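Undergrad: build me a model from this:
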Amino acid sequence: MNPPAFQFYADDFLAGTMDLSPEEVGAYIRLLCAQWSRGYIVPDPARIDRIAGCPVPPVVLAKFDQGEDGNLRNARLEREREKQNEFRNGRSEAGKKGAAKRWQKNSSAIAKPSPSHGLANGLAIDLPLANGMANDSSPSPSPSSINTVPAKGAEPPPDLEEIYQAYPKKVAKPEALRAIAKAVAADGFDHVLKRTRMFGTVCNKPRQFVPNPSTFFNQRRYADDPETWKDHADHSRNNPQSFDRGQGTCNADVVNDYAGR
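TA: Numbering: from 1, shown residues only. Sure, this is the predicted structure:
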């Protein structure tokens with residue numbers, strides 16, 4: 001079954017369509033939706049125009065690559081499809097393994113009667129019901145074993161640590177990790193990591209003007225316009241604490257690399 005929805009990263013989409021007209025943006029969105037639903041777009045100009053609801057210019061068609069089967073696909077959208085499939089398959093496998101462990105544990109606990117309850121008149125009680133339950137494949141509800149917010153004093157999960165290390169200002173780590181966990185739960189690990197790395201590359205503000213990581217992630221500032229991350233004033237001479245970013249300017253190519261299509 002094809003998933004009914006896909007992740008839509010607003011900042012990435014705006015950056016990748018900044019030069020398109022409203023009509024071209026609308027055509028692009030309709031073609032993306034058609035690809036997600038059908039898996040591909042037939043390279044027939046008339047059919048493409050009908051899907052888009054208007055003549056589709058080359059600048060929009062350039063966002064779709066022709067595959068070996070001859071059909072058109074947007075590469076970024078297909079990566080999102082693969083990520084969804086991998087996540088769904090991983091959850092399914094984890095669920096099966098967790099259920100198997102639970103049933104094995106329950107079977108062992110029931111099949112071994114305790115001294116106070118497993119004897120009657122000096123004889124061990126046979127438990128055919130317990131033996132039957134060990135082979136029962138009925139699903140059993142269980143609480144999630146994943147705690148997205150690390151407890152105080154606990155080692156942070158490796159993925160949260162990766163985002164923390166990508167942030168250019170490393171202070172108040174426990175609070176930062178809890179804020180990162182909330183951000184990941186809201187917007188997804190890949191998106192938060194990508195935007196954090198982008199911030200670390202684009203931001204050229206002096207250290208005292210860079211927010212602490214807990215503030216940055218709690219307020220979801222990774223979703224801000226990258227232009228707000230830049231400091232166009234030259235602090236390099238007067239402020240020894242400023243970040244070393246060459247001449248203190250932002251390379252526009254970095255933003256475009258992160259934006260994708």
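Undergrad: in the stretch 51-200 of the chain, what residue spans correspond to strands?
TA: For the stretch 51-200 of the chain, strands defined by DSSP state E, counting those that start in this stretch occupy the ranges 65-66, 72-73, 119-120, 123-124.
Undergrad: let me see the residues that make contact with the second one.
TA: With C-beta atoms under 8 Å, 6 or more residues apart in numbering as the test, strand 72-73 has contacts from Gln35, Tyr40, Ile41, Val42, Pro43, Ile48, Leu61, Phe64, Asp65, Gln66, Gly67. C-beta coordinates here come from the backbone N, C-alpha and C atoms, glycine included.
Undergrad: wouldn't Leu77 be in contact with Phe8 here?
TA: No - using C-beta atoms under 8 Å, Leu77 makes no contact with Phe8, being 10.2 Å away.
Undergrad: who's more crowded, these two?
TA: Remark: of Leu77 and Phe8, Leu77 carries more neighbours, 18 against 10, as counted by other C-beta atoms under 10 Å.
Undergrad: distance check, the more buried one against Lys170.
TA: Remark: distance between Leu77 and Lys170 (C-beta to C-beta, to the nearest Å) = 35 Å.
Undergrad: also Gly67?
TA: 43 Å.
Undergrad: how about Asp11?
TA: As for Asp11, its distance to Lys170 is 24 Å (criterion: C-beta to C-beta).
Undergrad: quick one: which of these two has more around it?
TA: The residue with more neighbours, out of Asp11 and Lys170, is Asp11; 18 against 11, by other C-beta under 10 Å.
Undergrad: can you report how many residues lie near the closest residue to that one other than its chain neighbours?
TA: Once flanking residues are discounted, Asp11 sits nearest to Ala223: 6.2 Å by C-beta to C-beta, 6 or more residues apart in numbering. Residues near Ala223, counting by other C-beta under 10 Å, number 15.
Undergrad: residue contacts, Ala223?
TA: Residues in contact with Ala223 (C-beta under 8 Å, 6+ apart) are Ala10, Asp11, Asp187, Arg195.
Undergrad: can you put these in CSV and add pLDDT and distance to Asp19?
TA: CSV is the format used below for the contacts of Ala223 (pLDDT from 0 to 100; distance: C-beta to C-beta, whole Å):
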residue, pLDDT, distance to Asp19
Ala10, 88, 17
Asp11, 88, 16
Asp187, 91, 26
Arg195, 93, 22
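Undergrad: which one of those sits in the busiest neighbourhood?
TA: Among the contacts of Ala223, Arg195 has the most neighbours (other C-beta under 10 Å), with 24 neighbours.
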